[in-house]
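S.K.: sequence? don't have it. structure:
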């Protein structure tokens, strides 16, 4: 079965480079898992399970993948270990397919709603600010008029950092003083977006998890206030997770999906970690599309997630 992705050659090369550490780790473990074996038997499957769990795919998702491969072994009666990579890729892509429906959009695609409002959530340090900057850059590069709202008013540093990035990208920023009402900032941002005929609005929010009730109340209030200006807003609630934290990213996803209606995810910092398998587990576990992945520090280093290209980069031989 030929698996066809959609990333261009340059983007695919960037993805390969960004996932290098995970790929090397996975390949090292896989080669040990099948060492001295010619066919996929119970021992190989046990070893494969260990490889996937230790690559931060997560226990439940790993068991689902193993079940799919066991079904293939039972059906085909004999599977050569040399085929394992191809089978692994096919089964993971198939597993992810239902969770990624509608997520293969492009920055240059016509937006269904204008202004298109993205509310960004996630803990401090997950790469939220740089992801907002990269999103703004990508949408602007595709010809859209972009506006950012600094609704994380609990940290002066958050507003200052966002201003630096907004200046670098060349997009306006709506902000107030530290300690201001975040919903008020969101309201001002949307009013400005409507009056200036902006295409894309990106709203930052506070990244605190110490009290889920407070977080839920705050995000709900921001949503209610935005709806007064644009009834459908936000059109997207994007959760930013730090891929390098591995299993901790699962816990963050659990907390935020309980606190608000997350519609898409961005998983960052995949270039500096061997924990890239976390993308597979998070997509499978939460049934929410992984829309973007961060594979570097440059503004261009935010890629639209494509499950076929991702799995191909992760499990293809060099």
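M.R.: That came through fine. Because the structure is a prediction, the values reported are computed rather than measured.
S.K.: how many neighbours does residue 32 have?
M.R.: By other CB atoms under 10 Å, 12 other residues sit near residue 32. C-beta here means a position set from N, CA and C on the backbone, and glycine is covered the same way.
S.K.: all helices for the stretch 1-150 of the chain, in order.
M.R.: 9-18, 20-33, 42-54, 59-76, 84-97, 128-141 (DSSP state H, counting those that start in this stretch).
S.K.: Of the ones you listed, flag the one that's most buried.
M.R.: Most buried of those, by mean neighbour count (mean count of other CB atoms under 10 Å): helix 128-141, with a mean of 23.
S.K.: for it, packing partners?
M.R.: In terms of contact count using 3 or more CB pairs under 8 Å, 6 or more residues apart in numbering; DSSP states H and E, helix 128-141 is assigned the packing partners strand 116-121, strand 146-150, helix 156-169, strand 200-204, strand 236-242, strand 264-268, strand 290-294, strand 302-304.
S.K.: In a markdown table: those, plus distance to residue 131 and mean pLDDT.
M.R.: Shown next, in a markdown table, are these (distance: least, CB to CB, whole Å; pLDDT from 0 to 100):
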| stretch | distance to residue 131 | mean pLDDT |
| --- | --- | --- |
| strand 116-121 | 7 | 96 |
| strand 146-150 | 12 | 97 |
| helix 156-169 | 10 | 93 |
| strand 200-204 | 9 | 96 |
| strand 236-242 | 5 | 95 |
| strand 264-268 | 5 | 94 |
| strand 290-294 | 6 | 92 |
| strand 302-304 | 7 | 91 |
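S.K.: got JSON lines for the ones you listed, with distance to residue 67 too?
M.R.: Listed next are the helices and strands packed on helix 128-141 as JSON lines, based on distance: least, CB to CB, whole Å:
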{"stretch": "strand 116-121", "distance to residue 67": "33"}
{"stretch": "strand 146-150", "distance to residue 67": "44"}
{"stretch": "helix 156-169", "distance to residue 67": "43"}
{"stretch": "strand 200-204", "distance to residue 67": "40"}
{"stretch": "strand 236-242", "distance to residue 67": "26"}
{"stretch": "strand 264-268", "distance to residue 67": "25"}
{"stretch": "strand 290-294", "distance to residue 67": "22"}
{"stretch": "strand 302-304", "distance to residue 67": "29"}
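S.K.: Figure out which of the ones you listed is closest to residue 280.
M.R.: Across these, residue 280 has its closest neighbour in strand 290-294 (9.1 Å, CB to CB).
S.K.: For residue 218, the count of nearby residues, please.
M.R.: The number of residues near residue 218, taken as other CB under 10 Å, comes to 21.
S.K.: Residue 181 and residue 153 touch, don't they?
M.R.: Yes. At 7.3 Å, residue 181 and residue 153 qualify as touching, with contact defined as CB atoms under 8 Å.
S.K.: Comparing these two, which shows the higher neighbour count?
M.R.: Each of residue 181 and residue 153 had its neighbours counted (other CB under 10 Å), and the higher figure belongs to residue 153 (22 against 15).
S.K.: What score does that one have for pLDDT?
M.R.: Confidence at residue 153, expressed as pLDDT, is 90.
S.K.: Got phi/psi on it?
M.R.: Taking degrees, to the nearest 10, you get phi -100, psi 10 for the backbone angles of residue 153.
S.K.: Quick check: closest non-adjacent residue to it.
M.R.: For residue 153, ignoring the flanking residues on the chain, the nearest one in space by CB to CB, 6 or more residues apart in numbering is residue 180 at 4.6 Å.
S.K.: pLDDT wise, what is that neighbour at?
M.R.: According to the prediction, residue 180 has pLDDT 91.
S.K.: any idea which helix or strand carries it?
M.R.: Following DSSP states H and E, one finds residue 180 outside all helices and strands.
S.K.: How about the residue most central in space within the chain, nearest residue that isn't a chain neighbour?
M.R.: Central residue of the chain (CA atoms, centre = their mean): residue 266, 2.3 Å from the mean position. Of all residues not flanking residue 266 in the chain, residue 292 sits nearest, at 4.0 Å (CB to CB, 6+ apart).
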